[in-house]
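*Asks:* sequence-free structure coming up:
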């Protein structure tokens with residue numbers, strides 16, 4: 001294989017995007033995901049300080065975000081570890097969602 005053939009094959013596999021663009025997209029997604037998680041945690045802390053209630057809904061949102069990220073990673077990579085982490089975060093999501101709904105119903 002010549003250099004041009006290798007480059008053409010790599011571009012075809014990457015759907016026309018070059019390596020730098022893919023890396024930038026990967027890094028920006030990681031940074032956005034991290035910042036979003038930190039903002040959710042900050043909001044949860046402020047809500048707890050102000051209302052004296054544990055913010056189950058906010059924490060459920062964070063767990064849902066993490067479960068989705070690992071689900072997509074599992075679908076892409078098909079690694080057993082990613083599936084286990086997806087299941088754990090999904091269970092946490094369902095648990096915090098149930099606690100949030102209970103908190104809303106009881107008016108705690």
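*Replies:* Looks like it arrived, so ask away. Note that the structure is a prediction, hence the values are computed from the model and not measured.
*Asks:* how far away is residue 57 from residue 43?
*Replies:* Residue 57 sits 10 Å away from residue 43, going by Cβ to Cβ, to the nearest Å. C-beta coordinates here come from the backbone N, C-alpha and C atoms, glycine included.
*Asks:* likewise for residue 67?
*Replies:* 19 Å.
*Asks:* list the contacts for residue 86?
*Replies:* For residue 86, the contact set (Cβ atoms under 8 Å, 6 or more residues apart in numbering) comprises 67, 70, 71, 73, 74.
*Asks:* again, only using 7 Å
*Replies:* If a contact means Cβ atoms under 7 Å, 6 or more residues apart in numbering, then residue 86 has 67, 70, 71, 74 as its contacts.
*Asks:* how many other residues sit next to the last one?
*Replies:* Meaning residue 74. When neighbours are counted by other Cβ atoms under 10 Å, residue 74 registers 18.
*Asks:* continuing past the helix or strand containing it, what's the next helix or strand?
*Replies:* According to DSSP states H and E, residue 74 maps onto helix 56-77. Remark: after helix 56-77, the chain's next helix or strand is helix 80-106, criterion DSSP H and E.
*Asks:* angle of that next one against helix 56-77?
*Replies:* Interaxial angle, helix 80-106 versus helix 56-77 (axes from the mean of the first three to the mean of the last three Cα atoms, to 10 degrees): 160 degrees.
*Asks:* report the buried residues of helix 80-106.
*Replies:* Within helix 80-106, the residues that count as buried by 16 or more other Cβ atoms under 10 Å are 82, 83, 85, 86, 89, 90, 92, 93, 96, 97, 99, 100.
*Asks:* what separation do you get for the spatially closest residue to residue 10 that is not a sequence neighbour and residue 71?
*Replies:* Distance criterion Cβ to Cβ, 6 or more residues apart in numbering; nearest residue to residue 10, sequence neighbours excluded, is residue 19 at 7.8 Å. Note on residue 19: its distance to residue 71, by Cβ to Cβ, is 26 Å.
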